[in-house]
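K.L.:
dropping a prediction and its sequence here:
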Amino acid sequence: MTRAVHRALDLLETVRDASEPVSLTELANAAGIDKATAKRIAADLVKRHYLEYLTGVKRYTLGFSALKLGSRSLGPDSSAQKTMRYLEDLRDKTLQTVALCARSGQHYVVTLELLSLEPIKFSRGVGATFALVEDAPGAAILAFDNIGNGGSFRFSPDEADAGYAYSCSNTLPRVASVAAPILRSGQMPSAVCLSWVLDRSDNDDMVRRRYGAQVVACAQRLAHI
């Protein structure tokens with residue numbers, strides 16, 4: 001029993017410390033076990049949502065239970081716990097992937113990610129970095145800096161009025177994203193992002209506006225933590 005617990009923790013710590021989703025082979029090598037054993041333990045962790053399996057790329061990332069466990073250790077009224085609660089609420093209402101992104105030079109870093117509740121899952125990866133000019137989260141963060149300097153949103157006119165940025169298939173194929181800046185004075189520029197898989201049957205403009213409004217509302221809640 002003790003050995004099984006240690007192996008499960010080895011897998012979790014490997015995924016925790018990785019800068020991107022981890023393959024089964026990488027899990028097995030890090031834990032010093034064979035792939036069959038790693039797959040069985042990983043399946044148990046996925047079942048309990050401590051890991052999430054990304055079927056598209058056949059890799060593992062931290063699941064919601066692991067993220068929630070970490071935030072709860074800081075107490076129910078901590079900023080981390082409130083942030084998790086607001087992001088969880090957005091994810092549960094939309095069923096889509098939600099991420100918190102923060103500026104790092106001319107890039108942004110994915111600092112927290114809750115995967116979609118839909119069957120098809122994808123992940124930018126906690127710790128992954130992208131150029132600010134690449135997609136919606138970066139555009140929202142740039143807007144934060146502009147607003148702080150008395151400037152305007154670097155979005156299309158419609159998006160500027162609504163308060164969010166939109167991008168499509170920029171960093172992930174067939175994935176659209178909306179992001180809104182979290183406007184907190186004196187803190188690192190950041191944004192909340194919601195992403196979903198494009199469906200040809202969807203009315204993209206209608207979906208974008210609906211998700212955009214929900215992301216803006218979440219960003220406003222996060223700004224008051």
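P.N.:
Structure received.

K.L.:
show me the domain layout of this structure.
P.N.:
Structural domains assigned to the chain are 2-62, 66-223, following automatic domain parsing.

K.L.:
what's the helix or strand for V215?
P.N.:
Element membership for V215 (DSSP states H and E) is helix 204-223.

K.L.:
what's that helix in contact with?
P.N.:
Residues from elsewhere that reach helix 204-223, judged by Cβ atoms under 8 Å, 6 or more residues apart in numbering: 83, 86-87, 89-90, 93-94, 96, 98, 159, 162-164, 166, 176, 178-184, 191-194, 196, 198. Just so you know, the C-beta spots here come from the backbone N, C-alpha and C atoms, and that holds for glycine as well.

K.L.:
just to revisit the earlier point, tell me the most buried of the domains of the chain?
P.N.:
domain 66-223 (a mean of 18; mean count of other Cβ atoms under 10 Å).

K.L.:
could you give the average pLDDT over that one?
P.N.:
Throughout domain 66-223, pLDDT has a mean value of 80.

K.L.:
over to stretch 31-46?
P.N.:
On average, stretch 31-46 scores 92.

K.L.:
for that stretch, what is the distance to the chain centroid?
P.N.:
Relative to its chain's centre, stretch 31-46 lies at 24 Å (Cα atoms, centre = their mean, to the nearest Å).

K.L.:
hey, where'd the helices end up in the chain?
P.N.:
2-17, 24-31, 35-47, 64-72, 79-94, 136-148, 157-162, 204-223 (DSSP state H).

K.L.:
can you redo the ones you listed as a markdown table with distance to G127?
P.N.:
Converted to a markdown table, these look like this (distance: least, Cβ to Cβ, whole Å):
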| stretch | distance to G127 |
| --- | --- |
| helix 2-17 | 9 |
| helix 24-31 | 15 |
| helix 35-47 | 19 |
| helix 64-72 | 13 |
| helix 79-94 | 17 |
| helix 136-148 | 14 |
| helix 157-162 | 28 |
| helix 204-223 | 20 |
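
K.L.:
out of the ones you listed, nearest to F122?
P.N.:
F122 sits nearest to helix 79-94 of all the helices of the chain, at 13.6 Å, using Cβ to Cβ.
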